[in-house]
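*Asks:* make a model of this:
(one chain, ligands or ions: 2)
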Amino acid sequence: MSISFSHTFANEMDGFYQACSPEKCTAPRLLQVNTVLADELGLDHKLLHGELGASIFSGNSLLDDSKPIAQVYAGHQFGMFTSQLGDGRALLLGEVIDGNGDRRDIQLKGSGRTPFSRGGDGKSALGPVLREYLVSEAMHQFGIATTRALAAVGTEDWVAREELRPRAVLTRVSASHIRVGSFEFFAAKGESIQVKRLADYAINRHFPDIKDSEDVYLQFFKSVLQNQAKLIADWMSVGFVHGVMNTDNMTISGETIDYGPCAFVDRYVPSTVFSSIDEHGRYAYENQPKIGQWNLAQLAKSLIPLYQEDHEVVIQRFVDELDKFNHIYESCWLENMRAKLGLIGESESDLELVNDLLTLMHQGAADFTLTFRYLADVRLESSLKFKSQFNESVNVNDWLSRWRKRVVADGQSEHQCVLNMNAINPLYIPRNHKIEEALEAAANDNDYEPFRTMLNVVSEPYCLRSGFDKYAEPPPPNAAPYITFCGT
Ligand code: AMP
Ligand code: MG
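*Replies:* Numbers count the residues shown, from 1 in each chain. Ligands and ions are numbered 1, 2, ... in the order given. Have a look, this model is predicted:
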């Protein structure tokens, strides 16, 4: 039995990876399999269950067709350049063509040491594996471009972190694993021929339409920039904080990747930081667009040497495109926010309306998710839940009457407006405190029910379902600030 893998990266991109085998683990067992995703990928269900599934998705058995490789990359981590990174705990098994005809990578994460592991053990602990599964699935349900989780496998091995933790392996699916850092690796060595090979490969794979355009690498840069601007606008619209937006964690495809210390904003504070290592708030919620642009500047720097023309002229062309980032980001963001407020037309005052609500939310310590969710109820003359999100220090009545005037001007029926709003403003997000509960139950008590319930909740985030009230609630007001740790 096999998966009909192809290997365009392995076949065409020698020098960008090293072949490597997974390390075996003890007594693997499937904790979760994403059968919907497996169907999208056209995988045989016989591979997905029991001992065979556990063996395949832990890396203990290699399917005939697979050709495991660890990809090399560099990256700016918290602004500092590291010339040698790479898949230190992940192996690409191969590529499959999904039901839409799109090429997807299938990768094991936590499968043991690789030539790029440096001091690390190449393994993953159970908690971060389940966390990535939950959060990436929620992001997908929010319609946000993301890598997906195909399977989580538990083992009877332990990994040494601050304390011993159960070892697990995640199977991750992505449009590709090419990152900004993949370009920086050879650019830093001055090897433009290699950078060009990678750019040509990435264009072929992700942006075939621009292949024959005149200024192809600038077009490539524009396409990546467009996708990243949209992606970060989408993150901002659900209160997602990635937490470690290093250039090696920014994809060329525009998918969210590397769910390490990520978390969702509860009470709306724009400067929110969750990651224990982000001491200066570089990757704070409100800084994400600016950092996206900074990362893209690193991509531009890697691509500029591909041109033979006058250096200054080429730099200016890339800078001009980079300067458009803010405008592109803001229009993606405003489009999202208009939809969240149930606005269908466009009015010049929309930006102010959105920003004024955000200011009130900040001042009134409002919950990001529920404020938007319960705004729809106001359309149905029930403003209690919306108003209860804000503390007494703010009065939202003026804002509500401006909003009401604006939505009424659209001429859309109340019913349709509420339907639209409830289809874009989730009721359930993977709340940080609920994620922790689920991970603790799994790691400490071998109890996977809370994880499965939460996965069930986030798989339908827009639909009110009985029995799940707790999952919609923010953490208790007296809860300690939430802190995340880099998921390894
Ligand atoms: P991250 O911050 O998770 O994106 O990882 C940054 C770099 O560290 C990447 O090159 C990873 O492959 C590597 N890395 C992270 N955790 C481990 C680990 N447990 N063993 C080996 N390498 C790791
Ligand atoms: Mg990474």
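*Asks:* now check the helix or strand hosting Pro289, is it near ligand 2?
*Replies:* Here Pro289, judged by DSSP states H and E, is contained in helix 288-303. No: judged by C-beta under 5 Å from the ion, helix 288-303 and ligand 2 are separated, with a smallest distance of 12.8 Å. In short, each C-beta sits where N, CA and C put it, glycine included.
*Asks:* in that helix, which residues are buried?
*Replies:* By neighbour count with 16 or more other C-beta atoms under 10 Å, helix 288-303 contains the buried residues 288-289, 291-300, 302-303.
*Asks:* with stretch 355-374 instead?
*Replies:* Buried residues in stretch 355-374 (16+ other C-beta under 10 Å): 356-357, 360-362, 364-374.
*Asks:* would you mind measuring the gap between the ends of that stretch?
*Replies:* Distance across stretch 355-374, first residue to last, is 18 Å (C-alpha to C-alpha, to the nearest Å).
*Asks:* check contacts around Glu321.
*Replies:* 218, 221-222, 225, 300 (C-beta atoms under 8 Å, 6 or more residues apart in numbering).
*Asks:* roughly how far apart are it and ligand 1?
*Replies:* Distance of Glu321 to ligand 1, given as C-beta to the nearest ligand atom, to the nearest Å: 26 Å.
*Asks:* and the buried residues of stretch 355-374, which is closest to ligand 1?
*Replies:* Phe368 (25.5 Å; C-beta to the nearest ligand atom).
*Asks:* that closest one contacts Val265, doesn't it?
*Replies:* Yes: assessed by C-beta atoms under 8 Å, Phe368 is found in contact with Val265 at 4.8 Å.
*Asks:* give me the common contacts of these two.
*Replies:* Gly239.
*Asks:* only the buried subset of the contacts of Glu321, as a PyMOL command please.
*Replies:* Filtering the contacts of Glu321 down to the buried ones (16+ other C-beta under 10 Å) takes a single PyMOL command:
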select buried, resi 218+221+222+225+300
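*Asks:* I'd like the contacts of Glu321 laid out as CSV, including secondary structure, distance to ligand 1 and pLDDT.
*Replies:* What follows is those, written out as CSV (DSSP: H, G, I helix; E, B strand; the rest coil; distance: C-beta to the nearest ligand atom, whole Å; pLDDT from 0 to 100):
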residue, secondary structure, distance to ligand 1, pLDDT
Leu218, helix, 28, 98
Phe221, helix, 23, 98
Lys222, helix, 26, 98
Leu225, helix, 21, 99
Ala300, helix, 22, 98
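*Asks:* and which of the contacts of Glu321 is nearest to Gln84?
*Replies:* Using C-beta to C-beta, Ala300 comes nearest to Gln84 of these, at 21.8 Å.
*Asks:* got the contact list for the closest residue to that closest one other than its chain neighbours?
*Replies:* Distance criterion C-beta to C-beta, 6 or more residues apart in numbering; nearest residue to Ala300, sequence neighbours excluded, is Phe318 at 4.2 Å. By C-beta under 8 Å, 6+ apart, Phe318 lies in contact with 218, 221, 300, 303-304.
*Asks:* same question, Val238
*Replies:* For Val238, the contact set (C-beta under 8 Å, 6+ apart) comprises 139, 142, 144, 264, 369, 426, 429.
*Asks:* verify the stated contact: the third one with Ile232.
*Replies:* No: Ile144 lies out of contact with Ile232 (C-beta under 8 Å); the separation is 10.2 Å.
*Asks:* which one of the two has more residues nearby?
*Replies:* Higher neighbour count among Ile144 and Ile232: Ile232, with 26 against 19, using other C-beta atoms under 10 Å.
*Asks:* rewinding a little: pretty sure the residue nearest to Ala300 is in a strand, no?
*Replies:* No: counting by DSSP: H, G, I helix; E, B strand; the rest coil, Phe318 is located in no strand; its state is helix.
*Asks:* biggest strand in the chain by residues?
*Replies:* Across the chain, the longest stretch assigned as strand under DSSP state E is strand 148-160.
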